[in-house]
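sequence and predicted structure are below.
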Protein chains: 2
Amino acid sequence: MPTNATTRPGRPPAVVLLSGGLDSATALACCLRDGLEAHALAIDYGQRHRRELDAARDVAVAAGARSFRVVTLDLRAVGGSALTDSIDVPKSDAGAPVDAGIPVTYVPARNLTFLSIALGLAEVLGARAIYLGVNAVDYSGYPDCRPEFIAAFEQVARLATKAAVEGDPVEVRAPLIDLTKADIIRLGASLGVDYSLTHSCYDPDDSGRACGRCDSCRLRAAGFRDAGVPDPTRYAPGARA
Amino acid sequence: MPTNATTRPGRPPAVVLLSGGLDSATALACCLRDGLEAHALAIDYGQRHRRELDAARDVAVAAGARSFRVVTLDLRAVGGSALTDSIDVPKSDAGAPVDAGIPVTYVPARNLTFLSIALGLAEVLGARAIYLGVNAVDYSGYPDCRPEFIAAFEQVARLATKAAVEGDPVEVRAPLIDLTKADIIRLGASLGVDYSLTHSCYDPDDSGRACGRCDSCRLRAAGFRDAGVPDPTRYAPGARA
């Protein structure tokens, strides 16, 4: 294993994709449990709430990640607002939004793009593992949360970088892929994850407190209930947690 | 083939990755030759010379691309300057550059990352093809310029998006992959590519004129010579073209 300025002898580095949510915080804990040196990576794609990136940083710091990075990926030109880009589109009629229904925060081919960026960081760090908090139970409708997708990514990753081609392939670890939300919370609680730092709500108040009503809040609250773990989420006054 | 606001009936849309260089301009011409509606995509990753993005736009406009988009991917946090990010790294000693030798414009896992973003645009547009100007002859040392890499990307792409999983896979076309630089220039010339708009030089002067001395200029000039095609490059005064 190559070493560099950020690698302590004896603990191989790994990249962890962090979103600020509960799942990726648990994936980070799994990385540390596995004896690796965690390098957290968050992607700033214009999240609706900056709170998510703050949460990702807080989670990385609290868990003892070796580093925390934010890579900016501005997909506004893809999401339907090529018009507002500083470089004009060539045809007058091509400036119309592709589909006005696509929100600017939608990330098409999301896990593939995020994993590709993570693979780049892995190459720079000499890391052989990427941890990803995807889950096939709650997100069964998302093709890029399935084990087949992960395996195919590992295959393309083996061919994408010089290090991999030379026999240093990168493994993608998705330790939560078969777990329910309650299983994930139980696992994370056993590993000491501070879930009070994570953020799931789609509609937080100005202080970052959860609404308790959106789909994400409901799934999260039910997970804590089913896991028998106290829910540390800060809910807004009047929220039905 | 699904249609949307930017699709003219009868001409299926395709995404073309444009860098502003000679190869991708030729790939764009191949896309149009193949009867597709070209949607050009450039990635702003902090190129050393903004001239490259200007060239990409000029090439797209001149060729008659249906749209031109720039997606910003700011990898400074990966390339070694996590320090300068607005979000602090968690440990005081982790702020040191990962490797001071990695320039900020280096894009690790470059073709994989760019193709992932292109796949996202293809999904948004309902496009089934992505054109890529990679070339295995001049870039034989780059694993992600080889046919095996392209095939593996198509495989992961088949599993990455809902449209693909439902039977609408995206094909990656690399029409230059087996061509020499002279072959590419001959092909492009036969398709009417205006190479005067493309930019290859690593060290242009303030007016964007080529130095004639860097590796990229030499490869390009030799290509025109070998192809027997007049070299339209604007060289700086005193450049040895």
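On my side now, so go ahead. Computed from a predicted structure; not experimentally measured. Residues are numbered from 1 along each chain as shown, chains lettered A, B, ... in the order given.

any idea of the angle the helix or strand where A:Glu154 lies forms with helix B:147-160?
Following DSSP states H and E, one finds A:Glu154 within helix A:147-160. With axes from the mean of the first three to the mean of the last three C-alpha atoms, to 10 degrees defining the directions, helix A:147-160 sits at 160 degrees from helix B:147-160.

where does pLDDT dip in chain A?
Scanning chain A for pLDDT under 70 picks out A:1-9, A:79-106, A:140, A:240-241.

after the helix ranked longest in it, next one along is what?
Counting residues, the longest helix in chain A under DSSP state H turns out to be helix A:110-125. Once helix A:110-125 ends, the next helix or strand along the chain (criterion: DSSP H and E) is strand A:129-131.

okay, now the sheet partners of that next one, with direction.
Using DSSP bridges, the strands paired with strand A:129-131 are strand A:13-17 (parallel), strand A:171-173 (parallel).

so what are the domain limits for chain A?
A:13-199, A:205-241 (automatic domain parsing).

most tightly surrounded among those domains?
Mean neighbour count (mean count of other C-beta atoms under 10 Å in any protein chain shown) peaks for domain A:13-199 among these, with a mean of 21. Placement of C-beta: from N, CA and C, glycine included.

measure it end to end?
End-to-end distance of domain A:13-199: 26 Å, with C-alpha to C-alpha, to the nearest Å as the criterion.

quick one, helices of chain A?
Here chain A has its helices, by DSSP H, at A:22-33, A:51-63, A:76-79, A:110-125, A:147-160, A:162-165, A:181-190, A:215-227.

measure how buried A:Tyr202 is and give me the count.
A count of nearby residues for A:Tyr202, using other C-beta atoms under 10 Å in any protein chain shown, gives 13.

which residues touch the residue lying closest to it once chain neighbours are set aside?
Excluding the flanking residues, the one nearest A:Tyr202 by C-beta to C-beta, 6 or more residues apart in numbering or on different chains is A:Cys214, at 4.2 Å. The contact partners of A:Cys214, taken as C-beta atoms under 8 Å, 6 or more residues apart in numbering or on different chains, are A:201-203.

go on, A:Ser200?
A:Ser200 touches A:21-22, A:210, A:216-217, A:219-220, A:233, counting by C-beta under 8 Å, 6+ apart.

so how far is chain B from it?
20 Å (C-beta to the nearest C-beta, to the nearest Å).

keeping just the C-alphas, turn the longest helix of chain A into CSV.
What follows is helix A:110-125, C-alpha atoms only, in CSV (Å, rounded to 0.1, in the frame of the first residue of the first chain):
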residue,chain,number,x,y,z
ARG,A,110,-26.1,10.1,-9.5
ASN,A,111,-24.3,7.2,-7.9
LEU,A,112,-22.2,6.6,-11.0
THR,A,113,-21.1,10.2,-11.1
PHE,A,114,-20.3,10.3,-7.4
LEU,A,115,-18.5,7.0,-7.5
SER,A,116,-16.4,8.2,-10.4
ILE,A,117,-15.3,11.3,-8.4
ALA,A,118,-14.6,9.0,-5.4
LEU,A,119,-12.5,6.8,-7.6
GLY,A,120,-10.5,9.8,-8.6
LEU,A,121,-9.9,10.6,-5.0
ALA,A,122,-9.0,7.0,-4.3
GLU,A,123,-6.4,7.1,-7.0
VAL,A,124,-4.9,10.3,-5.6
LEU,A,125,-4.8,8.9,-2.0
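
touching chain B at all, it?
Yes - applying C-beta under 8 Å from any C-beta of the partner chain, one finds that helix A:110-125 is in contact with chain B at A:110-113, A:115-117, A:119-121, A:123-125.

from the contact counts, what lies against that helix?
The contact analysis (3 or more C-beta pairs under 8 Å, 6 or more residues apart in numbering or on different chains; DSSP states H and E) places helix A:110-125 against strand A:13-17, strand A:37-44, strand A:67-74, strand A:129-131, helix A:147-160, helix B:76-79, helix B:110-125, helix B:147-160.

switch to 6 Å and redo it
Judged by 3 or more C-beta pairs under 6 Å, 6 or more residues apart in numbering or on different chains; DSSP states H and E, the packing partners of helix A:110-125 are strand A:13-17, strand A:37-44, helix B:76-79, helix B:110-125.

out of these, nearest to B:Tyr195?
helix B:110-125 (22.1 Å; C-beta to C-beta).

from the chain's centroid, how far away is that closest one?
Taking C-alpha atoms, centre = their mean, to the nearest Å, the mean C-alpha location of helix B:110-125 is offset from the chain mean by 11 Å.

cool, stretch A:11-21 as well?
Going by C-alpha atoms, centre = their mean, the spacing between the C-alpha centre of stretch A:11-21 and its chain's C-alpha centre is 9 Å.

now tell me what touches that stretch from outside.
With contact meaning C-beta atoms under 6 Å, 6 or more residues apart in numbering or on different chains, stretch A:11-21 is reached by A:1, A:7, A:24, A:28, A:31, A:36-42, A:52, A:55-56, A:114, A:118, A:121-122, A:125, A:127, A:129-132, A:198-200.

please apply the same query to stretch A:147-162.
Stretch A:147-162 is contacted from outside by A:115, A:119, A:123, A:164, A:169-170, A:172, A:174, B:109, B:112, B:143-144, B:148-149, B:152-153, B:155-156, B:159, using C-beta under 6 Å, 6+ apart.

and with 8 Å instead?
Under C-beta under 8 Å, 6+ apart, the answer for stretch A:147-162 is A:111-112, A:115, A:119, A:123, A:132, A:134, A:136, A:143, A:164-165, A:169-172, A:174, A:177, B:108-109, B:111-112, B:141-144, B:146, B:148-149, B:152-153, B:155-156, B:158-160.
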